[in-house]
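Q: Pasting a predicted model and its sequence here:
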Amino acid sequence: MMVRNAGRSATGAIEWILIVGAVTALLMVGCGKDTQEGGAPPGGETPAAPGLGEITYFRLDNGINLYMREDRSRHEVAVVTLYRAGVIHEDEGDVHVSRVLPHMLIFSPTASFEANGAVDAVSKTGRINGDVLGDFALFEYTAGSDQLELLLKVEAERLTSVTFNEDQLKEYATKCQDDIDKVLEESQLSMSKYGLMALNHVLNYGATFVPIYQGPDDVTIDDLKQFYAARYRLADMVLVVVGDFDTAAATELIQKHLGTIEERPATAPVTRPTGGNIAASWDVASTVMFLVHTGPFQSEEERLVLTMFGTYLTRELKADEALNRDLKSTLCSSTLYPVGDIPFFVFAETRRGREPQDIVPELLNVLNETVQGIDENTFESMKSNLVSFIESSVLESQRTLTSMQHYKALRQEALDIGRGHYVRNGLTTEEFLETLGAISFEDARRYLVSRLTPEHMRIITIRER
């Protein structure tokens, strides 16, 4: 094992940056035989003049969720793919597999590309990037619009013919460890990802120690293959294509490269240990804690209320001056940050020398006061903000920013469309807005008052060993 300097000190405040954006109304249709054979999909006609088209949605026969939107203003295209393969999905004991895997998938050889070959091919006209967040992994491509087939081919071979080798594993495990150094040493980077990684292993598997700093050294090829097979499934995959393309022609290319891939078998859900509060440790010189409402959701309406409330509570926590003297950062579950089947959580990183048991009462007090203080106007504002998120377009707003390069705006919009799929939890936009609109203030108050109480919350504390 590579020896690391465990327990390095984190210096500076930790910030969590929400990826903010929005999605326009979606037309939900099936991907039938005509589309598979190359005919124009319903709602996918090319605009008569250059400009923004409507977002169209298809579900391919093999389960892939496909979103497309034409934008003829530049000869550029962005492709983003998302998989439910985030840090909260790691298997028991396999710490950092979710983070190492995107690096391996980008640079490892496939049927048509040698090691690093796909990156070299895309980089001639564009760029490629991979990352993992709490609830999903993502891959982003941008290139000239004439390179769309290349981008689709690279993504298809990522799913069908990638091979891993020990030399690359060692290289990219080391890169992940270098990233941990940056998170611990630079205030502008966020540690919430590692907090959620630890939460998964403690909450779902009962771990008492999570090796965040040493963890990448222990990832094996077999770990990668197992996680890859279990989590990179087509039913949970979202493919988004935005930019300068013809929808009918692009659909034919997507069907050619991705439409015939076979789905992988589903895995059994995790059986979460029951019990009260948990104390665990890690090899990081920082203390974090979670207040977790473990659920399950009683209804889709409750999920929406609890996650909308997370966005609102984040603002209230940041505004509490006394609390922030003890905390370096806070993060709540929200509609913009869904985390698996956990209905609600508060993540908090304490300042050096501050003990979680001294801060939990104040956290619970802010939580309770915020619940009690929500009135009908506040609730309607929360709903309105979510509707705006669903119905607006990040590209249309960013187009006016002269500092925003167009290809970056395309990539951001594609990512926001993909995130919107998870926010809607499988509902069409029409169904989602109908469900949201039907939630009354009285129902919302009932969910909040009855569910966000100390007896429904578990306190999970993770400190340096």
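A: That came through fine.

Q: so where's the stretch 101-250 of the chain shaky on pLDDT?
A: 186-189 (pLDDT under 70).

Q: What ranges does it have for its helices?
A: With DSSP state H, counting those that start in this stretch as the criterion, the stretch 101-250 of the chain has helices at 117-123, 148-160, 166-185, 192-199, 205, 221-231, 247-257.

Q: Just name the most buried of those helices.
A: With neighbours defined by mean count of other C-beta atoms under 10 Å, none of these is more surrounded on average than helix 192-199, at a mean of 25. To be clear about C-beta, it is placed using only N, CA and C from the backbone, and glycine gets the same treatment.

Q: other SSEs contacting it?
A: Under the contact definition 3 or more C-beta pairs under 8 Å, 6 or more residues apart in numbering; DSSP states H and E, helix 192-199 sits against helix 166-185, strand 288-293, strand 327-332, strand 344-350, strand 458-464.

Q: rewinding a little: can you tell which of the helices of the stretch 101-250 of the chain is closest to Asp326?
A: Nearest of these to Asp326, taken as C-beta to C-beta: helix 192-199 at 16.5 Å.

Q: Could you check the angle the closest one makes with helix 166-185?
A: 110 degrees (axes from the mean of the first three to the mean of the last three C-alpha atoms, to 10 degrees).

Q: quick one on the thing from earlier: mind putting the helices of the stretch 101-250 of the chain into JSON lines with distance to Val284?
A: Converted to JSON lines, the helices of the stretch 101-250 of the chain look like this (distance: least, C-beta to C-beta, whole Å):
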{"stretch": "helix 117-123", "distance to Val284": "31"}
{"stretch": "helix 148-160", "distance to Val284": "31"}
{"stretch": "helix 166-185", "distance to Val284": "7"}
{"stretch": "helix 192-199", "distance to Val284": "7"}
{"stretch": "helix 205", "distance to Val284": "19"}
{"stretch": "helix 221-231", "distance to Val284": "21"}
{"stretch": "helix 247-257", "distance to Val284": "41"}
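
Q: Select, out of these, the one closest to Ser334.
A: Closest approach to Ser334 among the helices of the stretch 101-250 of the chain is made by helix 192-199 (12.3 Å; C-beta to C-beta).

Q: May I have that closest one as PDB, with CA atoms only?
A: What follows is helix 192-199, C-alpha atoms only, in PDB (Å, rounded to 0.1, in the frame of the first residue of the first chain):
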ATOM      1  CA  SER A 192     -19.100  17.500   1.300                       C
ATOM      2  CA  LYS A 193     -18.400  14.800  -1.300                       C
ATOM      3  CA  TYR A 194     -16.200  13.000   1.200                       C
ATOM      4  CA  GLY A 195     -18.700  13.500   4.000                       C
ATOM      5  CA  LEU A 196     -21.400  11.900   1.800                       C
ATOM      6  CA  MET A 197     -19.000   9.100   0.900                       C
ATOM      7  CA  ALA A 198     -18.400   8.400   4.600                       C
ATOM      8  CA  LEU A 199     -22.200   8.700   5.400                       C
END
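
Q: who's in contact with the helix or strand following that helix?
A: Using DSSP states H and E, the next helix or strand after helix 192-199 towards the C-terminus is helix 205. Residues outside helix 205 that contact it (C-beta atoms under 8 Å, 6 or more residues apart in numbering): 92-93, 270, 273.

Q: right, and the pair among those with maximum separation?
A: Checking the contacts of helix 205 with C-beta to C-beta, the most distant pair is Gly93 and Pro273, at 14.5 Å.

Q: what about these two, which has more around it?
A: Gly93 (14 against 11; other C-beta atoms under 10 Å).

Q: what's that one in contact with, if anything?
A: Taking C-beta under 8 Å, 6+ apart, one finds 201, 205, 207 in contact with Gly93.

Q: try Leu313
A: Per C-beta under 8 Å, 6+ apart, neighbours of Leu313: 332, 346, 366-367, 370.

Q: C-terminal to the helix or strand containing it, what's the next element?
A: For Leu313, the host element (DSSP H and E) is helix 300-319. Sequence order places helix 321-324 as the next helix or strand after helix 300-319, per DSSP H and E.

Q: Tell me the buried residues in stretch 361-380?
A: By 16 or more other C-beta atoms under 10 Å, the buried positions in stretch 361-380 come out as 363-364, 366-367, 370-371, 374, 379.

Q: need the residues you listed in JSON lines with secondary structure, can you?
A: Conversion of the buried residues of stretch 361-380 to JSON lines gives the following (DSSP: H, G, I helix; E, B strand; the rest coil):
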{"residue": "Leu363", "secondary structure": "helix"}
{"residue": "Leu364", "secondary structure": "helix"}
{"residue": "Val366", "secondary structure": "helix"}
{"residue": "Leu367", "secondary structure": "helix"}
{"residue": "Thr370", "secondary structure": "helix"}
{"residue": "Val371", "secondary structure": "helix"}
{"residue": "Ile374", "secondary structure": "coil"}
{"residue": "Phe379", "secondary structure": "helix"}
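
Q: and which of the residues you listed is nearest to Ile460?
A: Ile460 lies nearest to Leu363 out of the buried residues of stretch 361-380, by C-beta to C-beta, at 12.7 Å.

Q: give me every residue that touches that closest one.
A: Applying C-beta under 8 Å, 6+ apart to Leu363 gives the contacts 291, 317, 323, 346, 348.

Q: cutoff 10 Å now
A: Neighbour list for Leu363: 289, 291, 317, 320, 323, 326-327, 330, 346, 348, 356, 457, 459 [criterion: C-beta atoms under 10 Å, 6 or more residues apart in numbering].

Q: wouldn't Met382 be in contact with Thr335 here?
A: Yes: counting by C-beta atoms under 10 Å, Met382 touches Thr335, with 9.0 Å between them.

Q: neighbour-wise, which of those two wins?
A: Applying other C-beta under 10 Å to Met382 and Thr335 shows that Thr335 carries more neighbours, namely 23 against 19.

Q: Isn't Lys318 up against Ser329?
A: Yes: between Lys318 and Ser329 there is a contact under C-beta under 10 Å: 9.4 Å.

Q: of these two, who's got more company?
A: Counted by other C-beta under 10 Å, Lys318 and Ser329 do not tie: Ser329 has more neighbours, with 22 against 13.

Q: Break the protein into its domains for me.
A: For the chain, automatic domain parsing gives the domain ranges 27-257, 278-377+442-464.

Q: Nearest to Thr429, out of those?
A: Across the domains of the chain, Thr429 has its closest neighbour in domain 27-257 (7.4 Å, C-beta to C-beta).

Q: Provide a list of residues in contact with Phe345.
A: Contacts of Phe345 (C-beta under 10 Å, 6+ apart): 195-196, 199, 203, 290-294, 306, 310, 331-333, 337, 339, 457-458, 460.

Q: What would I type in PyMOL if I wanted to highlight the buried members of those and nothing else?
A: Here is the PyMOL command that selects the buried residues among the contacts of Phe345 (16+ other C-beta under 10 Å):
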select buried, resi 195+196+199+203+290+291+292+293+294+306+310+331+332+333+337+339+457+458+460
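
Q: Restricting to C-alpha, output the helix holding Leu313 in PDB.
A: Output of helix 300-319 as PDB, limited to C-alpha atoms (Å, rounded to 0.1, in the frame of the first residue of the first chain):
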ATOM      1  CA  GLU A 300     -43.900  11.600  -3.700                       C
ATOM      2  CA  GLU A 301     -45.500  14.700  -2.200                       C
ATOM      3  CA  GLU A 302     -43.600  14.200   1.000                       C
ATOM      4  CA  ARG A 303     -40.400  13.800  -0.900                       C
ATOM      5  CA  LEU A 304     -41.000  17.100  -2.700                       C
ATOM      6  CA  VAL A 305     -41.900  19.000   0.500                       C
ATOM      7  CA  LEU A 306     -38.800  17.700   2.500                       C
ATOM      8  CA  THR A 307     -36.400  18.300  -0.300                       C
ATOM      9  CA  MET A 308     -37.800  21.800  -1.100                       C
ATOM     10  CA  PHE A 309     -37.400  22.600   2.600                       C
ATOM     11  CA  GLY A 310     -33.800  21.600   2.400                       C
ATOM     12  CA  THR A 311     -33.100  24.400   0.000                       C
ATOM     13  CA  TYR A 312     -34.900  26.900   2.300                       C
ATOM     14  CA  LEU A 313     -33.100  25.600   5.500                       C
ATOM     15  CA  THR A 314     -29.700  25.900   3.900                       C
ATOM     16  CA  ARG A 315     -30.300  29.700   3.700                       C
ATOM     17  CA  GLU A 316     -31.500  29.800   7.300                       C
ATOM     18  CA  LEU A 317     -28.400  27.900   8.600                       C
ATOM     19  CA  LYS A 318     -26.100  30.300   6.700                       C
ATOM     20  CA  ALA A 319     -27.900  33.300   8.200                       C
END
